[in-house]
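> got a structure for you, letters missing:
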């Protein structure tokens, strides 16, 4: 949230759109990173959540400035926040799996 306040002008509607979009995308990424065996329902759930969220932007114009949300500036700022919050956790997970692999990975020689 602090990063989102520093990245853009002080207009509250933009702060809400950027930080909440980053939160939703970050949670979708975290769920996707934790799933080891994908099922069609999981894929539909991830896609459905994204569709409902981005669709709600069109239905709730009092909470989202559509002209701002459709700009590259919005995408860049959301991308920076999601990257700063997701990449370190993803890297930590990779290092942890490499240093302490699961039992099945040891047996299979992965």
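Sure, I can see it. Please read all numbers here as calculations on a predicted model, not as lab measurements.
> now find how far off-centre the one helix or strand residue 55 maps to is within its chain.
Using DSSP states H and E, residue 55 sits within helix 40-59. Centroid displacement of helix 40-59 relative to its chain, using Cα atoms, centre = their mean, to the nearest Å, is 13 Å.
> next structured bit after that helix?
helix 66-69.
> packing partners of the helix or strand residue 81 falls within?
Assessed by DSSP H and E, residue 81 sits inside helix 72-99. Helices and strands touching helix 72-99, by 3 or more Cβ pairs under 8 Å, 6 or more residues apart in numbering; DSSP states H and E, are helix 2-7, helix 12-34. Using the backbone N, CA and C atoms, a C-beta is placed for each residue, glycine as well.
> winner for burial among the ones you listed?
The highest average neighbour count among the helices and strands packed on helix 72-99, using mean count of other Cβ atoms under 10 Å, belongs to helix 12-34 at a mean of 16.
> quick check: angle from that one to helix 40-59?
Compare the direction of helix 12-34 with that of helix 40-59 by axes from the mean of the first three to the mean of the last three Cα atoms, to 10 degrees and you get 180 degrees.
> quick one: distance of helix 12-34 to the chain centre.
For helix 12-34, the distance to the chain centre is 5 Å (Cα atoms, centre = their mean).
> packing partners of that helix?
Going by 3+ Cβ pairs under 8 Å, 6+ apart, helix 12-34 lies up against helix 2-7, helix 40-59, helix 66-69, helix 72-99.
> picking up where we left off before, hmm, who's touching the next helix or strand after the helix holding residue 81?
Past helix 72-99, further along toward the C-terminus, the next helix or strand under DSSP H and E is helix 103-108. Helix 103-108 is contacted from outside by residue 97, using Cβ atoms under 8 Å, 6 or more residues apart in numbering.
> thanks a lot, see you next time.
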